[in-house]
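Novice: quick one, fold the following:
(one chain, ligands or ions: 1)
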Amino acid sequence: MKSIHFIINPIAGKGNNCISENLLRAYFPMDMYDIKIKYTSFKKEAIELTKASVEERATIIVACGGDGTVNEVASILVNTDVILGIIPIGSGNGLASNIKIPRDIEKALTVIKNQITTKIDVGCCNGMYFFSNTGFGFDAKVVRSYEESKKRNLKSYLKACFRTFIKCNNNNEASMEVIIDDIKYYKEPLLIFISNSNELGYNFSLTPKACLQDGLLDVLIVPKMHKVKLLLFGVLMLFKKHIYLKDVMHYQTKKLDLISVKGNFFDSQIDGEYKPLLESSVSIKLLQNSLTIII
Ligand SMILES: Nc1ncnc2c1ncn2[C@@H]1O[C@H](COP(=O)(O)OP(=O)(O)OP(=O)(O)O)[C@@H](O)[C@H]1O
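Specialist: Presented below is the predicted three-dimensional model:
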C-alpha cells in the first residue's frame, strides 16, 4: 500500500485552503492508500514533520503551501527515494508554476494521484538547498520588506518592491567579488539572482531561460544603477526583456562563489524567505537530478 503524507501550512497564501481529510479520502481511498495529514504550527516545523514522515516510511510527501513550505519539505528529500508532491496553496508558488502544477486543489490532487515523476536539479548555497532561487541584495530586501508586511499576496509584494525601490541607496550595497567558473568578476552589484527555475512567483521571472533539468544555474547580475534605469529594469522585467538592458549580465554555470570585499554580511533570500548570511563568502553549486518530484 502506498503511504502518502500531506504536510499542510495553514497560513500559506490567504490561509483559507480547503484541504480536508474527507477531500483527500475522495482521491486516496482507505483500502488503497495509507494517508497521513500533518499541519505546521510554526515556521520551519515542516522540516521536522518531513523527517518524521521519512522515518515512518512515507513513499510520497506532499508539501501543501508555497515556496517556503516546499523548500522545507524538499530539503529533507534531496538524494533520497522519497517522492515530493506539491499542492500549491501559497501566494507566489514559483516552483509549482514552473512545473505546471494547477493551482486548483482538486486538479493538483489528480496530479498527485497520477504519480508521474521526474528528477530535477537542486541548488545548494552554503549547505542550504534551494529549488527555485536564491538572491542577494535588492531582491533579498524586497523579501524582507514583504515578510514584515505580514500579508502574503501580490499587492503586498508589489508594495514591498516599491518600498525597497524608494529606500534603495547604491552606497548601501555590499561590495563583492563574484567568481563564476573560476573567472573573477569584481562587482558592486545591486542584486545577484541565482535561479534553478524560470519562475519567481506571481508569474514574474528574472531568469526566463532557466530550466529545472538543464544541469545549470542561471545567474543574473544587476549592477548599481540610477533609479530611473532601475525603474526601466522593472518595466522591462514585466515583459521578460530586462536581460537586454546594457550592464545587466546573465550567465549559466554549475557553480559560483561570492566573496564579501568589505566583510559585510549578505542580505540574502532562499526560495522567497529572508535568510541573511553572516559568512564572508558564499559557495553556490548545482546538484544535478537530485530530487524526485511529481509533475
Ligand atoms: N503555523 C504557522 N505559523 C506561522 N508561520 C508558519 C506556519 N506554518 C508554516 N509557517 C511558515 O510560513 C512561511 C510561508 O510559507 P509559504 O512560503 O509556504 O507560503 P507563502 O509565502 O504564502 O507562499 P510563497 O512562498 O509561494 O509566496 C514559511 O516560512 C513557513 O515556515
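
Novice: CA atoms for contacts and neighbours, from now on please.
Specialist: OK.

Novice: list the buried residues in the longest helix seen in the chain.
Specialist: Looking across the chain with DSSP state H, the single longest helix is helix 154-167. Within helix 154-167, the residues that qualify as buried are 156, 157, 160, 161, 164, 165, counting by 16 or more other C-alpha atoms under 10 Å.

Novice: which stretches of the stretch 51-200 of the chain form helices?
Specialist: Assigned by DSSP state H, counting those that start in this stretch, the helices in the stretch 51-200 of the chain fall at 67-77, 94-98, 105-114, 138-149, 154-167.

Novice: the ligand: which of those is closest?
Specialist: Shortest separation from the ligand across those is recorded for helix 67-77, at 3.2 Å, computed as C-alpha to the nearest ligand atom.

Novice: for that closest one, which helices and strands make contact with it?
Specialist: helix 45-55, strand 60-65, strand 83-88, strand 128-130 (3 or more C-alpha pairs under 8 Å, 6 or more residues apart in numbering; DSSP states H and E).

Novice: now for the buried residues of helix 154-167, which pair is the farthest apart?
Specialist: 156 and 165 (14.0 Å; C-alpha to C-alpha).

Novice: Throw the helices and strands packed on helix 67-77 into JSON lines and include mean neighbour count, thanks.
Specialist: As requested, these are arranged in JSON lines below (neighbours: other C-alpha atoms under 10 Å):
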{"stretch": "helix 45-55", "mean neighbour count": "18"}
{"stretch": "strand 60-65", "mean neighbour count": "26"}
{"stretch": "strand 83-88", "mean neighbour count": "27"}
{"stretch": "strand 128-130", "mean neighbour count": "21"}
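
Novice: tell me how many other residues crowd the residue lying closest to residue 195 once chain neighbours are set aside.
Specialist: Distances taken as C-alpha to C-alpha, 6 or more residues apart in numbering put residue 133 closest to residue 195, at 4.2 Å, once the chain neighbours are dropped. Residue neighbour count, defined by other C-alpha atoms under 10 Å, stands at 29 for residue 133.

Novice: any idea how far residue 133 is from residue 169?
Specialist: As judged by C-alpha to C-alpha, to the nearest Å, residue 133 and residue 169 stand 24 Å apart.

Novice: these two touch, right, residue 273 and residue 142?
Specialist: No - counting by C-alpha atoms under 8 Å, residue 273 stays clear of residue 142, with 10.3 Å between them.

Novice: quick one: which of the two has more around it?
Specialist: When neighbours are counted by other C-alpha under 10 Å, residue 273 and residue 142 differ, and residue 142 comes out ahead with 23 against 17.

Novice: contact partners for the more buried one?
Specialist: Contact analysis of residue 142 by C-alpha atoms under 8 Å, 6 or more residues apart in numbering lists 157, 160, 161, 163, 164.

Novice: same check, this time on residue 136
Specialist: Residue 136 neighbours (C-alpha under 8 Å, 6+ apart): 191, 192, 193, 266, 267, 268, 269.

Novice: one more: residue 54?
Specialist: Neighbouring residues of residue 54 by C-alpha under 8 Å, 6+ apart: residue 82.

Novice: next, the angle from the helix or strand hosting residue 230 to helix 154-167.
Specialist: Secondary structure assignment for residue 230, by DSSP states H and E: helix 227-238. Helix 227-238 runs at 150 degrees relative to helix 154-167, counting by axes from the mean of the first three to the mean of the last three C-alpha atoms, to 10 degrees.

Novice: tell me which residues of the helix or strand that helix 227-238 is followed by are tucked away?
Specialist: Next in sequence after helix 227-238, counting helices and strands by DSSP H and E, comes strand 249-253. Of all the residues in strand 249-253, those buried under the rule 16+ other C-alpha under 10 Å are 250, 252.

Novice: can you list the strands that strand 249-253 pairs with?
Specialist: Strand 249-253 has the following strand partners under DSSP bridges: strand 217-223 (antiparallel).

Novice: so what touches the partner strand?
Specialist: For strand 217-223, contacts defined as C-alpha under 8 Å, 6+ apart pick out 123, 187-196, 206-207, 209-210, 247-255, 285-286.

Novice: how close does the most far-flung residue of the chain relative to its centre sit to the ligand?
Specialist: Distance from the centre of the chain peaks at residue 31, with 35.7 Å (C-alpha atoms, centre = their mean). According to C-alpha to the nearest ligand atom, to the nearest Å, residue 31 and the ligand sit 30 Å apart.

Novice: next: residue 266.
Specialist: Here residue 266 is placed at a distance of 19 Å from the ligand (C-alpha to the nearest ligand atom).

Novice: in this structure that residue contacts residue 277, no?
Specialist: Yes - contact criterion C-alpha under 8 Å: residue 266 and residue 277 qualify, at 5.2 Å.

Novice: more crowded one of these two?
Specialist: Taking neighbours as other C-alpha under 10 Å, residue 266 and residue 277 compare with residue 266 leading, 25 against 16.
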